[in-house]
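Trainee: sequence and predicted structure, then a few things I'm wondering about:
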Amino acid sequence: MKTRSFLGIASVIFLFAFLTGCAGTPVRDTVKVDMKLPVGAVEGNQFTGARFPFKVSAPANWKIAMEYPKFMLDLGYHKEGLEESEVFIFNSQTQSNLQIDFTPAGRYATFDQQKMETLVDSVTGEVADEVREHFGKDVRITNGPTEPVNLKGIPFAAKKYSTFQIKGQTREQGWIYAFTEPYQIFILYLVMEKEGVDDRKAIKEILESFEYIPAGKK
């Protein structure tokens with residue numbers, strides 16, 4: 001399985017979701033994605049998806065793009081995972097960033113809020129191991145709570161995050177796993193704390209702007 005994201009977080013969740021829903025009666029037809037469609041379009045500070053039906057906006061002083069900024073590789077993200085995400089929103093000055101990736105759900109996979117929360121919580125140890133492998137075994141990590149997330153048009157979504165310091169700078173690495181028929185959605189973000197800049201508020205604004213737009217709805 002390809003690494004889908006920062007330190008393999010989303011690939012682990014994806015694998016667990018597959019394993020917990022791969023038997024019994026199919027609950028949906030095989031989802032086909034038209035890869036000939038463009039990913040979407042950016043107009044001003046808003047992205048509107050074409051390949052997947054969603055929109056999201058960037059706050060002031062942030063940029064929105066369909067290609068990852070090069071600095072994300074230096075922050076520990078895997079190129080292969082970055083190339084699979086549909087959209088990137090980032091602050092060039094602080095290097096805080098957020099990425100969104102849609103993946104069709106399998107024919108047998110079932111979802112509910114408890115499962116989403118269980119899955120995001122299940123990779124906490126994996127995140128800690130990867131952070132320490134990348135930045136050093138003495139990095140102290142504090143884990144945030146596992147909690148539901150309200151995303152427009154999304155029935156099930158859960159969030160988890162970890163904070164740690166690198167060279168005196170606090171970082172918050174968060175991951176959100178969501179589902180709306182027939183898609184799994186991975187939203188990953190990184191806050192690079194900087195005095196006088198509230199990037200956590202910006203991340204909150206981005207999530208509040210996110211909206212899944214099902215077929216037939218304008």
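Mentor: Everything's here; your move.

Trainee: contacts, neighbours, all on C-alpha from now
Mentor: OK.

Trainee: can you tell me the closest non-neighbouring residue to residue 95?
Mentor: Leaving out its chain neighbours, the residue that sits closest to residue 95 by C-alpha to C-alpha, 6 or more residues apart in numbering is residue 192, at 6.5 Å.

Trainee: what's that neighbour sitting at in phi/psi?
Mentor: Dihedral pair for residue 192: phi -100, psi 100, per degrees, to the nearest 10.

Trainee: what residues of the helix or strand hosting residue 131 count as buried?
Mentor: Per DSSP states H and E: residue 131 is located in helix 124-135. The neighbour-count check on helix 124-135 (16 or more other C-alpha atoms under 10 Å) flags 124, 127-128, 130-131 as buried.

Trainee: again with stretch 41-58
Mentor: Buried, per 16+ other C-alpha under 10 Å, within stretch 41-58: 42, 45-49, 51-58.

Trainee: and for stretch 57-69?
Mentor: 57-59, 62-66, 68-69.

Trainee: turn those residues into JSON lines, including distance to residue 151, secondary structure and pLDDT.
Mentor: Formatted as JSON lines, the buried residues of stretch 57-69 follow (distance: C-alpha to C-alpha, whole Å; DSSP: H, G, I helix; E, B strand; the rest coil; pLDDT from 0 to 100):
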{"residue": "57", "distance to residue 151": "13", "secondary structure": "strand", "pLDDT": "98"}
{"residue": "58", "distance to residue 151": "15", "secondary structure": "coil", "pLDDT": "97"}
{"residue": "59", "distance to residue 151": "17", "secondary structure": "coil", "pLDDT": "96"}
{"residue": "62", "distance to residue 151": "20", "secondary structure": "coil", "pLDDT": "98"}
{"residue": "63", "distance to residue 151": "21", "secondary structure": "strand", "pLDDT": "97"}
{"residue": "64", "distance to residue 151": "19", "secondary structure": "strand", "pLDDT": "97"}
{"residue": "65", "distance to residue 151": "21", "secondary structure": "strand", "pLDDT": "96"}
{"residue": "66", "distance to residue 151": "21", "secondary structure": "coil", "pLDDT": "95"}
{"residue": "68", "distance to residue 151": "23", "secondary structure": "coil", "pLDDT": "94"}
{"residue": "69", "distance to residue 151": "25", "secondary structure": "coil", "pLDDT": "94"}
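
Trainee: which among those residues gets closest to residue 158?
Mentor: Residue 158 lies nearest to residue 57 out of those, by C-alpha to C-alpha, at 20.3 Å.
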